[in-house]
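[1] Provided below for reference: sequence and predicted model.
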Amino acid sequence: MTAEKIQKRPKRMRFDGRVLYLTEDVSLIRRQLAGHEDLQYDPELPLMNNISTDEITPGWVCFYYDETLGEYVYVGMREKAVEKDEVKQGGFSVVVSGLSKGCGSSRETAPYAEKAAGLQLVIAKTIEKIYGQNAQNIGLLTSTDFGLLERIKRGEEIPLEEFTRGLDAISKAIVEYGGLFNYNKARLKGETEPPALETARRPMNLVEKIIARHAFVRAGEVGVEAVKPGDALFAVADVRFSHEYVTPMAESLFKQALGKDARVTEPESVYAFRDHLTFIGRVMPEEKRKMGLLEKANGLAVTQENFTEEQGIRLYSGTEEHGSEAICHNAVVEDIALPGQLVIGTDSHTCMAGVLGCFAFGVGSTDMANAWYTKDIRVRVPETVKFVLRGQKRADVSAKDVMLKILATDYMKEGKGIGQVLEFAGEGLRDWSIDERATLTNMAVEAGGFTGIIEPDEVVLEYLTRSRGLNPEEVRKGFLKSDEDAEYAATFEIDLSEIRPMVALPGDPRNGINITELQEEVKIDTAYGGSCTGGKMADMDMYAAVLKRAVEQGKRVAPGVHLYLQFGSQKIKRYAKEKGYIEIFERAGAELIDPSCGACINAGPGASRSPDQVTISAQNRNFPGRSGPGKVYLASPYVVAASAIAGRIVEPEEFLKEREEELVGA
């Protein structure tokens, strides 16, 4: 570090460029990009909602991790609203949209691309938690104040405090310093420091207790008596992991800030995965190959491998011939995380590990690059909403149906869950397997949630001691429970017996309805069972239950339909083989795929290839372009398998009657 003082942003900001309104009417976007029209703010103008990071920077764009990203911002947007270079060459400095800006994946390439295209300010009705934090980290301003638009139009200089109002002290300072790296440089030089935590002892919920245990106080001192929602702090992570999509960008940032010889602190608690692009060579279109993108994609894995070898980091590797060792989230639950820990990963579905009773959440490249060195991560203590599950679900209903029901509530659709923890509790969970519980925590992020979590119990203890051979008493040391009088932002009770098989309509996981509410018959081209959400052992049980019955009835996958079943890890594949499922799957006509994220991120077999294709999928999200240009309906493994046999989206009841009778008899 030099003696030179770290510079802050100017106290007043000017936005001299054009304002780009991302509207529901795509023709209006096209007119702005063509230079034919500059819109004025109108509260009645319908703005585009739920613009996902997949639309801002589609998967293939993420093969770049430099200023090139600015050329491709928004090229994945619905109805091909934006073409390459149009935003960058359009002279825009402000972009405006509706609810849930930046939903979906935690990829920092999204705000990075916006900034690289010349955008200085993002204004939206609501801004998703991870996207908003990533924007702060790289110096892209965000706001939900639409009153700024008239002032910007008049040419006013906007005080910087307009963009820090309501932020916690750490986030405010990061914005003032123009990004996380500048802030941390100032922090390490002693020019700034986070405020001391002064929260007095109070009843706390599970996440608050974990944060309090991990709060960084000063060098050599970790842990405080209590925290409350809104407290800002740095918390020390027990587990840090990344995958090949993100590791190269994080490494670049790491070495830019700390020098080419920088070393990762305590590499034994750091993990890396080749799990996202393992099969990209099987599905990349020729037009993308001609752009040299296959070499770039494979180069990400090579860069990651070199970095992990240099730093002594455990790499879960993979090859196109045999697939990945595991999808990162499956491996973190199977092999790594423990109750009471704090886990961070460069993927939005890091929250899946909350099934073990740990505080697990996704972060961006800049956050991870900093955490490799400092071991800590900034946290603003979130509010928690509690879902109490009562009763018993029907035999044809799975955790996926329960989660789609929760996501379809007004609370979630109105964005009230953004940035909140979803805590799942109640006697209805008592007999659920780890895998079924993990579907709930995995999909908490589809509500815009900070994470999902479930209190550890005897099911968790049995799972960890059996699968990993751990000492029960050592595992119990991490067991924490919410205090009976802990505070929650909201509490909802769910009667599991009332839930029926669900399906989320294309475009958003929050579009859930009962299958019986489908207005017309939905014929399918593809049925996909896989991803971290739908490729677990319990999911294999569900696919097998339906397909075994179908085979016994002399049925196979319907003509014209392709059923893909993909394992979440090599352990899950071995489990399916030991249970005799492989033979059942093959007799039913399914194509089996080795572990990888695959179709879920449009990077493997099962992704659509044309807009007219229809897929029923057990994955976690269905934002436009997420899994190819076609339409994706989300459903449970039961529904996916039954629909593959029927050739259209159907309830799985016909194939599960015997199972229901067995359960009733038991």
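    Cool, the structure landed. Numbering: from 1, shown residues only.

[2] does residue 278 really touch residue 326, like I thought?
    No - in this structure, residue 278 sits apart from residue 326 without contact. The criterion is Cβ atoms under 8 Å, and the distance is 10.9 Å. From N, CA and C alone the C-beta is placed, and that goes for glycine too.

[3] okay, and the common contacts of these two?
    residue 595 (Cβ atoms under 8 Å, 6 or more residues apart in numbering).

[4] gap between residue 416 and residue 403?
    17 Å (Cβ to Cβ, to the nearest Å).

[5] How about the contacts made by residue 628?
    599, 602, 607, 608, 609, 613, 615.

[6] how about residue 181, phi and psi?
    Comment: the main-chain dihedrals of residue 181 come out as phi -60, psi -40, following degrees, to the nearest 10.

[7] picking up where we left off before, in terms of neighbours, single out the busier of residue 416 and residue 403.
    Under the criterion of other Cβ atoms under 10 Å, the comparison of residue 416 against residue 403 puts residue 403 first, with 30 against 18.

[8] what about the more buried one, helix or strand, and which?
    Counting by DSSP states H and E, the element that carries residue 403 is helix 399-407.

[9] got a list of what the spatially most central residue of the chain touches?
    Most central residue of the chain, judged by C-alpha distance to the mean C-alpha position with Cα atoms, centre = their mean, is residue 348 at 2.4 Å. By Cβ under 8 Å, 6+ apart, the contact list for residue 348 reads 104, 105, 106, 130, 362, 445.

[10] Surely the third one and residue 367 touch.
    No - under the criterion of Cβ under 8 Å, residue 106 makes no contact with residue 367, lying 9.3 Å away.

[11] Quick check: neighbours shared by these two?
    The overlap between the contact sets of residue 106 and residue 367 (Cβ under 8 Å, 6+ apart) consists of residue 134.

[12] How far does stretch 203-215 sit from its chain's centre?
    23 Å (Cα atoms, centre = their mean, to the nearest Å).

[13] Mind listing what's buried along the helix or strand just after the helix holding residue 403?
    As assigned by DSSP H and E, the chain's next helix or strand after helix 399-407 is helix 410-413. Residues of helix 410-413 classed as buried under the neighbour-count rule (16 or more other Cβ atoms under 10 Å) are 411, 412, 413.

[14] just stretch 552-561 next, same as before
    For stretch 552-561, using 16+ other Cβ under 10 Å, the buried residues are 556, 557, 558, 561.

[15] Any stretches of this structure with poor pLDDT?
    Counting by pLDDT under 70, the chain has low-confidence residues at 1-3, 657-666.

[16] mind giving me the domain split of it?
    Residue ranges for the domains of the chain, per automatic domain parsing: 12-163, 385-498, 502-665.

[17] who's in contact with residue 118?
    Applying Cβ under 8 Å, 6+ apart, we find residue 118 in contact with 17, 70, 87, 88, 91, 92, 93.

[18] That one: helix or strand, and which one exactly?
    Residue 118 is part of no helix or strand, with elements assigned from DSSP H and E.

[19] nearest residue to residue 134 other than its sequence neighbours?
    By the measure of Cβ to Cβ, 6 or more residues apart in numbering, the closest residue to residue 134 outside its immediate chain neighbours is residue 364, 3.9 Å from it.

[20] That neighbour and residue 605, how far apart?
    Distance check for residue 364 against residue 605: by Cβ to Cβ, it reads 29 Å.

[21] And those two? Which one has more around it.
    Neighbours around residue 364 and residue 605, counted as other Cβ under 10 Å, are more numerous at residue 364. The numbers are 28 against 19.

[22] ok, back up a step: want to throw the buried residues of stretch 552-561 into TSV with distance to residue 339?
    Formatted as TSV, the entries for the buried residues of stretch 552-561 read as follows, by distance: Cβ to Cβ, whole Å:
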residue	distance to residue 339
556	43
557	41
558	44
561	42
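
[23] so can I have JSON lines of these showing secondary structure and distance to residue 354?
    Conversion of the buried residues of stretch 552-561 to JSON lines gives the following (DSSP: H, G, I helix; E, B strand; the rest coil; distance: Cβ to Cβ, whole Å):
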{"residue": "556", "secondary structure": "coil", "distance to residue 354": "38"}
{"residue": "557", "secondary structure": "coil", "distance to residue 354": "35"}
{"residue": "558", "secondary structure": "coil", "distance to residue 354": "37"}
{"residue": "561", "secondary structure": "coil", "distance to residue 354": "35"}
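
[24] Residues touching the host helix or strand of residue 615, excluding its own?
    For residue 615, the element it lies in under DSSP H and E is strand 614-617. Residues from elsewhere that reach strand 614-617, judged by Cβ under 8 Å, 6+ apart: 503, 522-529, 531, 534, 599-600, 606, 608, 627-628, 630-635, 639-640, 643-644, 649.

[25] so when I look at residue 233, I'm seeing a helix, right?
    No - using DSSP: H, G, I helix; E, B strand; the rest coil, the assignment for residue 233 is strand, not a helix.

[26] how much space is there between it and residue 380?
    Relative to residue 380, residue 233 is positioned 8 Å away (Cβ to Cβ).

[27] what's the burial count for residue 469?
    7.

[28] Provide a list of residues in contact with it.
    Contacts of residue 469 (Cβ under 8 Å, 6+ apart): none.

[29] all strands for the stretch 451-600 of the chain, in order.
    Taking DSSP state E, counting those that start in this stretch as the test, the strands found in the stretch 451-600 of the chain are 451-454, 490-495, 502-504, 512-514, 526-529, 562-566, 591-593.

[30] As TSV, the ones you listed with distance to residue 294 would be great.
    Listed next are those as TSV, based on distance: least, Cβ to Cβ, whole Å:
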stretch	distance to residue 294
strand 451-454	34
strand 490-495	45
strand 502-504	32
strand 512-514	36
strand 526-529	23
strand 562-566	21
strand 591-593	19
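
[31] contact partners of whichever helix in the chain runs longest?
    The longest helix of the chain (DSSP state H) is helix 293-311. Contact with helix 293-311 is made by 60, 63-64, 242-245, 247-248, 251, 263-264, 267, 270, 272, 274, 277, 280-281, 284, 288, 313-315, 317, as judged by Cβ under 8 Å, 6+ apart.

[32] Next secondary structure element downstream of that helix?
    Tracing the chain past helix 293-311, the next element assigned as helix or strand by DSSP H and E is strand 314-316.

[33] The first helix or strand past that next one going along the chain pairs with which strands?
    Moving toward the C-terminus from strand 314-316, the first helix or strand encountered (DSSP H and E) is strand 318-319. On the basis of DSSP bridges, the sheet neighbours of strand 318-319 come out as strand 323-324 (antiparallel).

[34] ok, residues contacting the strand it pairs with?
    Defining contact as Cβ under 8 Å, 6+ apart, one finds that strand 323-324 is touched by 273-275, 278-279, 316-318, 567, 569-570, 593-596.
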